[in-house]
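Asks: the following block contains a protein sequence and its predicted model.
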Amino acid sequence: MNKENTKGREHPLSMVINEAVKIFTDLGFEVASGPELEDVWHNFDALNVPKDHPARDMQDTFYIKGQEVKVLRTHTSNVQIRFMENFAKSGKKPPFAVISVGKCFRNEATDATHEMQFYQIEGLMIGEDISMANLKGVLSHFYKKMLGEDTKLRFRPSFFPFTEPSIEFDLKYKGRWIEMGGAGMVHPKVLENCGIDSGKYQGFAFGPGLERAMVIKYVMPDIRPAYQGDLRFNQV
Amino acid sequence: MKISYNWLKSYIPDVPEVEKLSDIFTFHICEVESLEKLLDGDVVFDIKILPNRAHDLLSHRGIAHELASLLDIKFIDPTPKYKVPESKSTNLKIDIESDKCRRYMGRILRGVKIGPSPEWAVAHLESIGQRSINNMVDAANIVMYDCGQPTHVFDLNKIQEKLIVRFAKDGEELTTLDNKNCKLTSSNLVIADAKNVLAIAGVKGGKIAEVDNDTKDIILEVANFDPTSVRKTAQMLNIFTDAKKRFENDLSPELGSYAMLEFSALILEMCPEASFEDVVDIYPQKAKQKKVSVSVNYINKRLGSNFSKEEIESVWKKLNFEYTEKNGEYEITVPFLRIDITGPYDLTEDVISILGYDRLEEKLPEIKLESKINETFAKMLLARSKLLNEGYSEVMTYVFRDKGEVGVLASASDKKFLRTNLTDGLKESLKLNQINMPLLGMKEIKIFEIGTIFKKSGEEMHVAYADKKEIKETTLSQFVSGESFSDFKLESRNHNLEAKFKMWSLFPFIARDIAVWVPENIESEEVEKIIKENAGDVVVRGPELFDEFKKEGQISYAFRLVFQSFERTLTDEEINSVMTKITNKIKENNGWQVR
C-alpha cells in the first residue's frame, strides 16, 4: 500500500520566502514587516516620490476609495521607511540590515509574468561605508545560495527616486540573462526623511520580486496559478 | 521614446552598428524595449527614458549628444547651419500674467505657404510613428522630437491684438485641435488673445487659431511652463500629449533659444520666401547655472570602487562638464539641461554609468550584525508549520474580490474590493481541489491560507483552514496564542534544485478504479505492471494502489487510474476500451479475476 503522506503540502512561494529569509538572516539581516494598506507618506513621499511628479506614474497604483491618503503598497520599500523611522526614534545608531518579504500590488493587466498581487523581498543595509560593491556582493551571494553557484550577476543603469545611483540587475542562469529587479544606493533624502544622518551613513536597498526566483527555481511557465488556490501548484 | 537610427546618424555619423548600439543603451543609458527594422532600411529603437533623464534625453539630439560623449565620437552641431535671414522689427505683443510661465518666445513670420513637407521631414516623422500633416505642423513636431522642446504655431490673422499667458476663468471653454471640447477652471494655464482662449499651455492647441491651407502669416511659440501646472491641467482634462510629457518632466528654459533657432531654420527651408520678424522673448527670471561639488573619496566610498582621479576626470571631460579641482574635490558647473544633477550622489551615478557597472567588484560587507526574526514573521512560520503538520496544504488566493468594505478607485480587473475574510476564497479553493482529488491523489482535501484581510477599521493578518466538514478563520495572533516563539529558529529546507514544475492539462480528466482478485502469493507490483503496460499514454496519475484485503487464500488489490490529455477532451468510450484491454490482459493469468 502506498504510504499516505500525512503532512500537508506547502505553497512553493512560501518555500522560496523561507529560503530567502534564511539566507539573509544568516548574513545578519533582521526581519521586519509592514502594512499592505499604506499611507502615501510611507509608500511615496518619504521615498522621495513627490506628489504631482511623473515618478509617481512609474508604478500603477491602487488608490483607495474614500481614503485619499491610502494606497495598496506598490513595493515593500514602505518597510524601509517604517523601520528607519523607529530606529532613529529609538536613539540607536547604524549599522543595521533589514529584510522584509511581503505582498505588493500593481494595477496592471495580468499575464504569464505579471500579477496584480506579487511578493517582493526588500533588503536594506546602512552603515558608515556600505557601498554599491557591497550591494553587488550581497545580491550575488543571495542568488548563488538560492539558485546555485553557477549564476552570474550584472548591473544596468536605471532610475528610482529613492536610490542614487539606481540599477536594474540581471542574473545569468543556465546560459540566459534574466531580469530580476531593481536596487541602488539609498538616496540621502530618504535617510534624512527618516531621521538618519546622511552625511555620516550610507547604504543600499534592493527589492526584486520573489515570483521570478520561484519561476526560475521550479521552471514554471506561468505565475498566475500561484494565487488560484489550486493544490496542483504545490508540487515540490 | 522612439529613436530613429538614421536621425541619430545625422548627428553622429560614426554611430556604432545597430546591435552594438542596443548594448550601449542597455548598459550605459537605459532599457531598450524594442527594436524594429523599417522597410526603408532605418531602424527604430523604443527606449525607456526614465524621469531623471527626461529633461534632456526625450530627444534625438539629446541621445546623440549622450552617445557622442560616451563613445568619444564626433557630434555635428547643426547650429551654424541654422541661418535665419535678417529679421524685421515686430509689433507682436505678449503679456505674461503668471509665474507658471517661465519663458515665452514668440516670432511672427509673414508670407508662408502651407503645403506638404519635404521628403526627409516626412521620413523622420514616419520613422518614429508620427503622421506628416503639413509643413508648419511637421516643423513644430520635428523640433520637439529633435531637441525635446515642444512648440506651437498660431495663425496670426485669427488672433485678436496680442498673446496673453494667464489662468483660465472658471467656465471658460476651448475646442482642441482634435475637436475635444474642454471646460476650463482657474487652475488651468492658457494662452489667450484679447478675446478667446487659444491653447492650453503645454498641453494642447485650440481650434480658433489653427493653421489651415489659407494661412499666410503665423506666430511661432517656444515657451516654458511649470511642470506641475502642466501635469495637473493635463490630468484634469484627461489630455495626454508628447508636449505634456516633456513639460511635466521639467525642461530647462535655456533650451528655448536653441529651439527657436531650429524652428525658424526649418520653416525657412520649407518656405524660403517667408519674411521673419524679431523674436519677442519674455524671460523674467533667467535660469541660474548650478554648481555641485563632489570628491574622489566620496565617489569611491559610495561605489566601493577604487577609481583614480584621471578616470573620474575622464568622465567630466566626456560629458563636457566644466570643473575646477582642489585636493581631489571637484566643483562641477552643471549644464543647464542636466536638471537631474542636484548633489554629489547624482554625479556618482554619471561616473559609474559611464565607466561601467561591470567595474564594480562583488564584496560582502565586513560588519557584524545580529539577525532577528520579527514577531509577525515568526507567528506566520509557526502557524504554517503547525497546519502543515496536521495535514493541511497551503493555498494562496486573490486579495481582490467583488465585494468588501475597502474598495480601490480604479482597477484593471472587475474585482474592485479587498477581501474581508479568507473564508470566501478558501471555499472556492476547496471546491476546485475536491473536484481534482483524483488528480491530486489525495483522500481528503484539507487546506489553509495565511494572509491579510481588510476591514473598514484596518487590515488584519488572518489564518483560515478548511476540510470537508468546516472552515475556521481566526486572527494570526489568536491562532498561535499560547505557543512560544521566543527561541524560534529558521531552518533551511534544502530543496531539490532540479525539481521541475509540471504544468497541468486544462482538459477534463477521467478517473477509473479497477480491483483485482489474485492468489495470495501474488505481489501488488505484478498486477500494477500489467495495468501500467496496457493503460496507454494518457495516464496522468496511477495506477495507485488504494485498497487491499485478503479472503480465503486470495487477495484483492484496488488501483486508481487518472486519464487526461494535454490536447483534447477524452471520451468515456475510449477510456472504456482502455479498461477493457486491461481487464482482458489480467484475465489471461490463471486465477486472476477483475471484480
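Replies: Received, thanks. Values in this document were obtained by computation on a predicted structure and should not be read as measured data.

Asks: helix/strand/coil for B:Lys195?
Replies: Per DSSP: H, G, I helix; E, B strand; the rest coil, the secondary structure class of B:Lys195 is coil.

Asks: with adjacent residues omitted, what lies nearest to A:Arg82?
Replies: For A:Arg82, ignoring the flanking residues on the chain, the nearest one in space by Cβ to Cβ, 6 or more residues apart in numbering or on different chains is A:Gly34 at 4.9 Å. C-beta here means a position set from N, CA and C on the backbone, and glycine is covered the same way.

Asks: enumerate every residue touching the nearest residue to B:His60 once chain neighbours are set aside.
Replies: Spatially, and ignoring its direct neighbours in sequence, B:His60 is nearest to B:Trp7 (4.8 Å; Cβ to Cβ, 6+ apart). By Cβ atoms under 8 Å, 6 or more residues apart in numbering or on different chains, B:Trp7 lies in contact with B:60, B:124, B:127-128, B:146.

Asks: also B:Leu432?
Replies: B:Leu432 makes contacts with A:228-230, as judged by Cβ under 8 Å, 6+ apart.

Asks: what does the stretch 101-250 of chain B put close to chain A?
Replies: Proximity of the stretch 101-250 of chain B to chain A, by Cβ under 8 Å from any Cβ of the partner chain, involves residues B:227-228, B:231-232, B:245, B:248-249.

Asks: among these, which are in helices?
Replies: Among those, DSSP state H puts B:227-228, B:231-232, B:245, B:248 in helices.

Asks: below-threshold pLDDT in chain A: ranges please.
Replies: For chain A, residues meeting the criterion pLDDT under 70 lie at A:1-5.

Asks: what's the pLDDT at B:Glu375?
Replies: With respect to pLDDT, B:Glu375 scores 88.

Asks: how much space between it and A:Ala20?
Replies: Distance, B:Glu375 to A:Ala20, using Cβ to Cβ, to the nearest Å: 19 Å.

Asks: give me the secondary structure label for B:Ile49.
Replies: Counting by three-state DSSP, the backbone at B:Ile49 sits in coil.

Asks: scratch that, A:Arg156 is what I was asking about
Replies: Per three-state DSSP, the local secondary structure of A:Arg156 is strand.

Asks: pretty sure it contacts B:Phe27?
Replies: Yes. In this structure, A:Arg156 is within contact of B:Phe27 by Cβ atoms under 8 Å, at 5.8 Å.

Asks: so for the closest residue to chain A within the stretch 401-550 of chain B, what's the pLDDT?
Replies: Closest to chain A within the stretch 401-550 of chain B is B:Ser429: 2.8 Å, counting by Cβ to the nearest Cβ. Per-residue confidence (pLDDT) for B:Ser429: 95.

Asks: residues contacting it?
Replies: Contact partners of B:Ser429, counting by Cβ under 8 Å, 6+ apart, are A:228-231, B:395, B:397, B:447, B:449, B:466.

Asks: can you check B:Pro508 too?
Replies: Residues in contact with B:Pro508 (Cβ under 8 Å, 6+ apart) are B:564, B:569-570.

Asks: run a quick neighbour tally on residue 63.
Replies: The chain I'm using is chain A. 15 (other Cβ atoms under 10 Å in any protein chain shown).

Asks: wait, chain B
Replies: Counted with other Cβ under 10 Å, the neighbours of B:Ile63 add up to 26.

Asks: sorry, back to before: can you tell me which of the contacts of B:Pro508 is closest to chain A?
Replies: Of all these, B:Gln564 has the smallest distance to chain A: 11.2 Å, by Cβ to the nearest Cβ.

Asks: identify the residue nearest that closest one in space, chain neighbours excluded?
Replies: Nearest non-adjacent residue to B:Gln564, counting by Cβ to Cβ, 6+ apart: B:Phe509, 3.8 Å away.

Asks: done for today, thanks.
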